[in-house]
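**Student:** Just the structure for this:
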Amino acid sequence: MRRIAGLLVAPLLLLSAVACGSDDKASDSASSKNGVPAITAGAKFGEKPTLSKGKGDPPKELKTEVISGGDGAKLKNGDAIQVNYLGQSWDSDKPFDNSFDRKQPFDLTLGAGMVIQGWDKGLVGQKVGSRVQLVIPPDLGYGEQGQGDIKPNATLVFVVDILKATQIPASAKGTEVAQDNIDLPRVGTNDDGKAPKVTIPKSDPPKKLSSTYILESDGEVIKETDSVVVNYVGMVWKDAKEFDSTYTQGKTQTFPLAQVTLKGLKDGLIGKKVGSRVLLVIPPDQAFGDQQQQAIPKNSTLVFAVDVLAKM
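**Tutor:** Model prediction:
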């Protein structure tokens, strides 16, 4: 079973596939500071930084330099965090990507393998409100293969502003809602962090989007502008075959709803409450339509059991 999550959201950076370059250039005449390239402009938290080129040989091990310390909580593995960043290769004066220009912070779950290892390792223990600089050796970056504009065996330099962090619960929790519609799948109500059982009826699927609570919490209402941290099981109605599960992978997913391309998934979560478990039945015209996607046949009705664990 291959991950389908990349088909649900329009790609941004995700630090596993570089999205776009930047035309900004930094001066390579500035000296390095403390063994990391100097920030020559935009040094304050929240400002878009300009980096000098690295001097000499880069460090062979991960280096984390605190540029300005915050007074928020320390980051832990499993936290959902939101950051702004600028990335540049050690031997380059041209950033390969940054979130400042997009005016769209980047959301991830720390330690979940959503990003290169240098980020997961380098950000743990840093405080919310901090600006940190990471120098990441190739074995914790993109290694021998490189990525996009990043050359093979490149040492990477990132300036990262840590905007916020949220501790992620293991499961949705809330009031059990009666599942009395026999034409809809039944979903387990366990709150132990394990995948809920989903039982799909033998009848024909509904022709319109269905979004119903299984467990209803008293959390905040989800808006289109939110990013949500979720666990989910995804199944094809026909034959009740599972095509994806974050539980199997042991990693939550973070979806910026404005970038979710699967219309039924996006529309079905907007208006629901954070902390809840939601059953979505998505007809083909709000899913992948007449296009086959990996293990999902064309014209498939999709079933999702989604735990909305947090929003950013």
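
**Student:** Let me see the contact set for the closest residue in space to residue 284 that isn't next to it in sequence.
**Tutor:** Distances taken as Cβ to Cβ, 6 or more residues apart in numbering place residue 299 nearest to residue 284, at 4.7 Å, with adjacent residues excluded. (Each C-beta comes from the backbone N, C-alpha and C, glycine too.) Contact partners of residue 299, counting by Cβ atoms under 8 Å, 6 or more residues apart in numbering, are 284, 289-290.

**Student:** wait, is residue 299 part of a helix?
**Tutor:** No - under DSSP: H, G, I helix; E, B strand; the rest coil, residue 299 sits outside any helix and is assigned coil.

**Student:** Read off the pLDDT value for it.
**Tutor:** At residue 299, the model reports a pLDDT of 97.

**Student:** From the contacts of residue 299, keep the buried residues only.
**Tutor:** residue 284 (16 or more other Cβ atoms under 10 Å).

**Student:** Return the member of the contacts of residue 299 nearest to residue 102.
**Tutor:** residue 289 (28.6 Å; Cβ to Cβ).

**Student:** Just give me the neighbour total for residue 111.
**Tutor:** For residue 111, the count of nearby residues is 18 (other Cβ atoms under 10 Å).

**Student:** oh sorry, the question was meant for residue 152
**Tutor:** The burial count for residue 152: 11, using other Cβ under 10 Å.

**Student:** Leaving out the residues flanking it, which one is nearest to it?
**Tutor:** Leaving out its chain neighbours, residue 152 is closest to residue 146 (Cβ to Cβ, 6+ apart), at 4.1 Å.

**Student:** how about that neighbour, what does it touch?
**Tutor:** Per Cβ under 8 Å, 6+ apart, neighbours of residue 146: 152-154.

**Student:** For it, grab phi and psi.
**Tutor:** Phi and psi for residue 146, reported as degrees, to the nearest 10, are phi 70, psi -170.

**Student:** do you know how far it is from residue 96?
**Tutor:** 11 Å (Cβ to Cβ, to the nearest Å).

**Student:** Repeat that for residue 287.
**Tutor:** In terms of Cβ to Cβ, residue 287 sits 34 Å off from residue 96.

**Student:** again, but for residue 251
**Tutor:** In terms of Cβ to Cβ, residue 251 sits 25 Å off from residue 96.

**Student:** If you count surrounding residues, which of the two has more?
**Tutor:** residue 96 (21 against 16).

**Student:** tell me what the strand or helix carrying that one is packed against?
**Tutor:** Per DSSP states H and E, residue 96 falls inside strand 95-98. Counting contacts by 3 or more Cβ pairs under 8 Å, 6 or more residues apart in numbering; DSSP states H and E, strand 95-98 packs against strand 79-89.

**Student:** Pairing partners for the strand it packs on, with directions?
**Tutor:** Sheet pairing for strand 79-89, assigned by DSSP bridges, gives strand 95-98 (antiparallel), strand 106-109 (antiparallel), strand 156-167 (antiparallel).

**Student:** Stretch 271-281 spans what distance, first to last residue?
**Tutor:** 16 Å (Cα to Cα, to the nearest Å).

**Student:** in that stretch, what counts as buried?
**Tutor:** 272-281.

**Student:** Among those residues, which are located in strands?
**Tutor:** Among the buried residues of stretch 271-281, the ones falling in strands (DSSP state E) are 277-281.

**Student:** In TSV, list these along with pLDDT and distance to residue 258.
**Tutor:** Shown next, in TSV, are these (pLDDT from 0 to 100; distance: Cβ to Cβ, whole Å):
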residue	pLDDT	distance to residue 258
277	98	23
278	98	19
279	98	23
280	98	18
281	98	23
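
**Student:** TSV for those residues, including distance to residue 64?
**Tutor:** Output for those, formatted as TSV (distance: Cβ to Cβ, whole Å):
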residue	distance to residue 64
277	37
278	38
279	42
280	40
281	45
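
**Student:** ok, so of these, who is nearest residue 121?
**Tutor:** residue 277 (32.3 Å).

**Student:** residue contacts, the closest one?
**Tutor:** 172, 174, 187, 189, 196, 213-215, 305-308.

**Student:** Could you list which of those belong to strands?
**Tutor:** 187, 213-215, 305-308.

**Student:** Residue 257: which of those is nearest?
**Tutor:** For these, the nearest to residue 257 is residue 308 (10.7 Å; Cβ to Cβ).

**Student:** how close does that closest one get to residue 210?
**Tutor:** 16 Å.

**Student:** Check residue 225 too.
**Tutor:** 24 Å.

**Student:** cool, residue 200 as well?
**Tutor:** 12 Å.
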